[in-house]
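S.K.: sequence first, then the predicted structure, then my questions.
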Amino acid sequence: MPHCANCGSELTTGQRFCPSCGTPAGAAPGPSATVEGKKAAGSSVRWVGLILMVVVLVGGVLVYLSYLKPGLHSVIRDQPVVSPPVTYDSTGVDMTDIVCEVREGDIVVRLEDVLRYRLVRFHHAGGKAPHDVMAYIAPDGRLVTAISYSENCRSNQFLLRNNQIYCAYCPSRWDMETMEAFACCGKYFPDPIESRVEGGMVRIRKEVVEQWAGRL
């Protein structure tokens, strides 16, 4: 059904003039229709511009926040949560040495010991070179296992304080969950390695520790 180009009224087939406003059938849109069309187009452009502005603003905020607080370290992100959230204050938690076992191709320690001491170290003498391994409970309750060594200062002793890992022999310290560095030895934090919990035991694949060759 055709419509009047001026007022929009319906026209029957064969009508030469609009019964409402008298505009000839087939006439070009009147000034009012043109104005309305321009208004609609302008409104659409404004909405598109507003949406783009919001997208850019949100993206900028996310990038800014990522610089303020980096995401979890890629290995730590996939580690199991074994405890309620923990806060480490300025008092600090010292490293406790425990004994590990080798079972079915895994280096094994008791989860109970990690939960009790919060930060433990154990020595694995297998492979081409012996390695010390640490395990601790992160502030969000995740179990973290890592090679207990910083290649830059050759330290194998660490402590937990203010939700950070502190080197016992130099000013180096890192975020316990992101491994973001706050001083010295930036990329030589205790290197996180994968582990799992089965039957109350923390299990680390023996070959992962034995094949670790450092980052220097």
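M.R.: Perfect, thanks for sending it. In this text the structure is predicted, and so the values were computed from the model without any measurement.
S.K.: center of the chain - which residue?
M.R.: For the chain, the residue nearest the mean C-alpha position is residue 71 (3.6 Å; Cα atoms, centre = their mean).
S.K.: quick check: it vs residue 186, distance?
M.R.: 17 Å (Cβ to Cβ, to the nearest Å). Glycine gets a C-beta too; all of them are placed from N, C-alpha and C.
S.K.: and for residue 210?
M.R.: For residue 210 relative to residue 186 (Cβ to Cβ), the value is 27 Å.
S.K.: tell me which of the two has more neighbours.
M.R.: residue 210 (17 against 13; other Cβ atoms under 10 Å).
S.K.: got a list of what the closest residue to the more buried one other than its chain neighbours touches?
M.R.: Residue nearest to residue 210 in three dimensions, not counting chain neighbours: residue 127, with 2.9 Å by Cβ to Cβ, 6 or more residues apart in numbering. For residue 127, the contacting residues are 206, 209, 210, 211, by Cβ atoms under 8 Å, 6 or more residues apart in numbering.
S.K.: ok, 10 Å please
M.R.: With contacts defined as Cβ atoms under 10 Å, 6 or more residues apart in numbering, the neighbours of residue 127 are 206, 207, 209, 210, 211, 212.
S.K.: what do you get for residue 143?
M.R.: Counting by Cβ under 10 Å, 6+ apart, residue 143 makes contact with 76, 79-83, 111, 114-115, 135-137, 195-197, 202.
S.K.: so what pairs up with it in the strands?
M.R.: The bridge-partner assignment for residue 143, based on DSSP bridges, gives residue 137.
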